[in-house]
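Q: dropping a prediction and its sequence here:
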Amino acid sequence: MLEELRDIICQYVEVKPEQVTEDARFIEDLGFNSYDFMSMVGEIEEQFDIEVEEREVVNVKTVGDAIEYIKSLQ
């Protein structure tokens, strides 16, 4: 799942794929702004066939958090 997320993340921010680790924080480390983050969430919903709760997404700070959240919805 990390590889799939890495591909999606690299479409939204200019980072090297190796910078996208489970510990990487979306805003502080990867440079996401709120608009790009929410756009990426929409793509993740399509890619993984899930529905993300907006009030839950504020708890997703790192790539690892995103992986755990996606797994919890599958």
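A: Cool, the structure landed. Numbers count the residues shown, from 1 in each chain.
Q: gap between Asp53 and Met40?
A: If you look again at residue 53, you'll see it is Glu, not Asp. Distance of Glu53 to Met40, given as Cβ to Cβ, to the nearest Å: 16 Å. Every C-beta, even on glycine, is put in place using the N, C-alpha and C of the backbone.
Q: out of these two, which sits in the busier spot?
A: Taking other Cβ atoms under 10 Å, Glu53 and Met40 do not tie; Met40 has more neighbours (19 against 10).
Q: quick one: Gln19 and Gly31 touch, right?
A: No: with contacts counted by Cβ atoms under 8 Å, Gln19 stays clear of Gly31, the gap being 9.7 Å.
Q: can you list contacts of the least confident helix or strand in the chain by mean pLDDT?
A: Ranked by mean pLDDT, DSSP states H and E, the helix or strand of the chain with the weakest confidence is helix 54-57, at a mean of 90. By Cβ atoms under 8 Å, 6 or more residues apart in numbering, the residues outside helix 54-57 that reach it are Met38, Val41, Tyr69.
Q: could you dump the residues you listed to JSON lines with pLDDT, neighbour count and secondary structure?
A: Below are the contacts of helix 54-57 laid out as JSON lines (pLDDT from 0 to 100; neighbours: other Cβ atoms under 10 Å; DSSP: H, G, I helix; E, B strand; the rest coil):
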{"residue": "Met38", "pLDDT": "94", "neighbour count": "13", "secondary structure": "helix"}
{"residue": "Val41", "pLDDT": "95", "neighbour count": "16", "secondary structure": "helix"}
{"residue": "Tyr69", "pLDDT": "96", "neighbour count": "17", "secondary structure": "helix"}
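Q: what would those residues look like in a markdown table with distance to Val63?
A: Output for the contacts of helix 54-57, formatted as a markdown table (distance: Cβ to Cβ, whole Å):
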| residue | distance to Val63 |
| --- | --- |
| Met38 | 16 |
| Val41 | 13 |
| Tyr69 | 11 |
